[in-house]
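Trainee: Task: produce atomic coordinates for the following.
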Amino acid sequence: MKTTNLKIKRPDRWDQPYGKVLSSEELFTVIKHEPFSLINPEHFPNNRSYEMILKNDGRMQKFKASEVITLQGDASNSCYLLLQGKVRIILLDKSKNKLSKKFNPKNKLWTSIKQLWQNHKTKEYRNPHLYSSALKQENASGMNVRTIENPTKIIQNSKTAIIKPGSFFGEVAALSRSTRSATLFADSEVLVYELRWQGLRDLRLWDKKFKDWVEDLFHQRDFLPLFTKNPLLATLADLGLEQVAKSSRFQAYGDQGWYKTLGKLRQIEQKQNNLGKTLIVGEGQHLDGLLLIRGGFVQVTQSYGHNEKTAGYLVSNELYGLTSIMEHSSKNTTLQSRFNLYALGYVDLLVIPTETVIQYLLPHWQRLKVFDDELFVKKAAPMYVSDRVKSPLPQSLLETLFEQRIINGSATMVIDNNACIGCDDCVRACASAHDNNPRFIRHGTKHAQFTFANACMHCIDPVCLSDCPTGAIHRPTEHSIVQINDNACIGCSNCANSCPYDNIRMVTINDEKENPILDELSKKPITKATKCDLCTDQITGPACENACSYGALKRINFSDRNEVSAWFSERY
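Mentor: Below is the predicted model of the structure:
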């Protein structure tokens, strides 16, 4: 008997509006304000008008007093236009105020138990009816509301400021894929227009005046909140940070599209480890000031004969140059960099001029006696040492981590093949947790006895998000991991093509009878993107790691130097 393939409409970006579509009246309210009032409608193609973008990629949001709009450290990536009410931004938070959530968390235990009888035998099974029902949701993002428990205490004990109607904010996270640099909450009842980054991207693409306005704002802002993320700079709360911020400046190094050429660089047979890197400052070169890493990751090397050896690395919110500036100030030595600094991919820096550090920062830190606690200082400035750095890890391992950009991972799957017996329990556990569809492949980059498996690393700089037209691949507000909304995925393959680690796969989806689900127009099978989701719905966490009885498999956060050193040092 001949079977008939099920045909459905292929998902499209415009099938998944960000929320309830704006009315004409609401749209008119938005475009009265900058930067939207700067847009020239004639710059947009007929099939992608700016009104269409604003309606599809934006939504109106109402907040009650004390409800959080953005939370410092969140990985959301939208921007906002304040239409009504007042919003308060916490510039420096010295209190221990906690947030409460107005939603019930998922019952992970129940989810895990249900898998015992609800997993499908059909490979990559999908219920097509879920896609049609998803299109009817008014708010596909499933926004969770959080509140400040004691806003009065926050205002009394912290440095805050009021944002008034007509203000545009949140563009830093939307443009740079970085986490939120400050907490903002409603000071009264508030109405905002929220635009997801895909819409912001398209508006910037088609209208130069809008693009220039937003980017100018991007470079003018975000000094003060940045300081709260670094232990040393956070002590400057009472120092008059405005003076420090006014003298500081942004700098960027490298190529934002670095991931598009990484595969080509790997194929080039050249032993010099400077491919795909951009020199920020060389050993012995003049140092402009104290460097704060805003985004990306930096390789630190030292000269060794005619070559260079990796001494360490720097990630977001860490400082470099403190030791050199202190020696310059106390001993009147020439201000030089003690190391070579390379931007791996793309790096954003904040440069605090040497004169500002000597005039304002060093005297303040000396009064607080912060330098008496070397461990405290080293958390903020990892290269704060008196002697040359000696890494506890083998040089060859460090080079592999940097060459292959594995250092980018916050949850990289590493397998110690000396301990692994090849039982495949990790693969079976992954399959069991994902409807009998494993979400990783147990092979990948090898070094010594280690395999860095083809599993999503949940990158510090998740470039897969860059080209997704619908926002299907995203960082949820509550988590720092990268997830895929299957309903919003249109199968374009942009994320899979962007991933420099080959950790995202495109799969053909099937119905209950194991037949491919077809696009009703092209009659071709519909594909979806899949990858490791770190088992967010599992009560025990990553199933692969928990299933390994021999301790051979570990998900490692390469931003945590202690974790990296401890795990690898035990195995050498």
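Trainee: Can you give the distance of the longest strand seen in the chain from its chain's centre?
Mentor: Using DSSP state E to assign secondary structure, the strand with the most residues in the chain is strand 289-304. Using C-alpha atoms, centre = their mean, to the nearest Å, the mean C-alpha position of strand 289-304 is found 19 Å from that of the whole chain.
Trainee: Sheet partners, orientation included, of whichever strand or helix holds residue 83?
Mentor: Under DSSP states H and E, the secondary-structure element containing residue 83 is strand 78-84. With DSSP bridges as the criterion, the sheet partners recorded for strand 78-84 are strand 168-169 (antiparallel), strand 190-196 (antiparallel).
Trainee: Show residues contacting it.
Mentor: For strand 78-84, the surrounding residues in contact (C-beta atoms under 8 Å, 6 or more residues apart in numbering) are 29-30, 33, 36, 69-70, 163-171, 173-174, 189-197, 200. Any C-beta I mention is one placed from the backbone N, CA and C, and that applies to glycine too.
Trainee: Show me what counts as buried in that strand.
Mentor: 78-83 (16 or more other C-beta atoms under 10 Å).
Trainee: Kindly present the residues you listed as TSV, with separate columns for distance to residue 499.
Mentor: Shown next, in TSV, are the buried residues of strand 78-84 (distance: C-beta to C-beta, whole Å):
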residue	distance to residue 499
78	23
79	25
80	29
81	33
82	36
83	38
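Trainee: Can you lay out these as TSV showing pLDDT?
Mentor: Conversion of those to TSV gives the following (pLDDT from 0 to 100):
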residue	pLDDT
78	87
79	92
80	96
81	96
82	96
83	96
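Trainee: for the residue lying closest to residue 72 once chain neighbours are set aside, what are its contacts?
Mentor: Excluding the flanking residues, the one nearest residue 72 by C-beta to C-beta, 6 or more residues apart in numbering is residue 183, at 4.6 Å. Going by C-beta under 8 Å, 6+ apart, residue 183 touches 68, 70-72, 89-90, 93.
Trainee: Which of those residues sits closest to residue 546?
Mentor: For the contacts of residue 183, the closest approach to residue 546 (C-beta to C-beta) belongs to residue 71, at 29.4 Å.
Trainee: count of neighbours near that closest one?
Mentor: Neighbour count of residue 71, defined by other C-beta atoms under 10 Å: 19.
Trainee: how much space is there between the nearest residue to it once chain neighbours are set aside and residue 64?
Mentor: The shortest distance from residue 71 to any residue other than its chain neighbours is 5.3 Å, reached at residue 183 (C-beta to C-beta, 6+ apart). Distance of residue 183 to residue 64, computed by C-beta to C-beta, to the nearest Å: 16 Å.
Trainee: what's the answer for residue 360, then?
Mentor: Using C-beta to C-beta, one gets 40 Å for the distance from residue 360 to residue 64.
Trainee: quick one: which of the two has more around it?
Mentor: Under the criterion of other C-beta under 10 Å, the comparison of residue 360 against residue 64 puts residue 360 first, with 18 against 13.
Trainee: Quick check: phi and psi on that one?
Mentor: Dihedral pair for residue 360: phi -110, psi -50, per degrees, to the nearest 10.
Trainee: do the same with residue 420
Mentor: As for residue 420, its main-chain torsions (degrees, to the nearest 10) stand at phi -70, psi 130.
Trainee: Just list the residues touching it, thanks.
Mentor: If you count contacts by C-beta under 8 Å, 6+ apart, then residue 420 has 548, 550, 552-553 around it.
Trainee: likewise residue 355?
Mentor: Contact criterion C-beta under 8 Å, 6+ apart gives residue 247 as the residues in contact with residue 355.
Trainee: tell me which element it is part of?
Mentor: Of the helices and strands defined by DSSP H and E, residue 355 is found in helix 354-356.
Trainee: pLDDT averaged over that helix, what's the number?
Mentor: Here helix 354-356 scores 94 as its mean pLDDT.
Trainee: In terms of secondary structure, what does the helix or strand following that helix contact?
Mentor: Using DSSP H and E, the helix or strand that follows helix 354-356 towards the C-terminus is helix 362-368. Helix 362-368 makes packing contacts with helix 322-331 when contacts are defined by 3 or more C-beta pairs under 8 Å, 6 or more residues apart in numbering; DSSP states H and E.
Trainee: Which strand residues bridge the closest residue to residue 533 other than its chain neighbours?
Mentor: The shortest distance from residue 533 to any residue that is not its chain neighbour, by C-beta to C-beta, 6+ apart, is 5.4 Å, and that residue is residue 483. Residue 483 has the following beta-bridge partners by DSSP bridges: residue 474.
Trainee: Check the offset of the helix or strand where residue 245 lies from the chain's centre.
Mentor: When elements are assigned from DSSP H and E, residue 245 belongs to helix 241-247. Relative to its parent chain, helix 241-247 has a centroid offset of 27 Å by C-alpha atoms, centre = their mean.
Trainee: Direction included, what does the helix or strand just after that helix pair up with?
Mentor: Elements were assigned by DSSP H and E; along the chain past helix 241-247, the next helix or strand is strand 249-254. Strand partners for strand 249-254, identified by DSSP bridges, are recorded as strand 340-353 (antiparallel).
Trainee: For the strand it pairs with, which residues meet the burial criterion?
Mentor: Those buried within strand 340-353 under the rule 16+ other C-beta under 10 Å are 340-352.
Trainee: and it, C-alpha only, in PDB?
Mentor: C-alpha atoms of strand 340-353 as PDB (Å, rounded to 0.1, in the frame of the first residue of the first chain):
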ATOM      1  CA  ASN A 340      51.500  40.000  23.500                       C
ATOM      2  CA  LEU A 341      47.700  40.300  23.300                       C
ATOM      3  CA  TYR A 342      45.800  38.800  20.400                       C
ATOM      4  CA  ALA A 343      42.100  39.200  19.600                       C
ATOM      5  CA  LEU A 344      40.800  35.700  18.700                       C
ATOM      6  CA  GLY A 345      38.000  36.500  16.400                       C
ATOM      7  CA  TYR A 346      36.500  39.800  17.500                       C
ATOM      8  CA  VAL A 347      37.200  41.700  20.800                       C
ATOM      9  CA  ASP A 348      35.700  44.800  22.300                       C
ATOM     10  CA  LEU A 349      37.800  46.800  24.700                       C
ATOM     11  CA  LEU A 350      37.300  49.700  27.100                       C
ATOM     12  CA  VAL A 351      40.600  51.700  27.500                       C
ATOM     13  CA  ILE A 352      41.000  53.700  30.700                       C
ATOM     14  CA  PRO A 353      43.900  56.100  30.100                       C
END
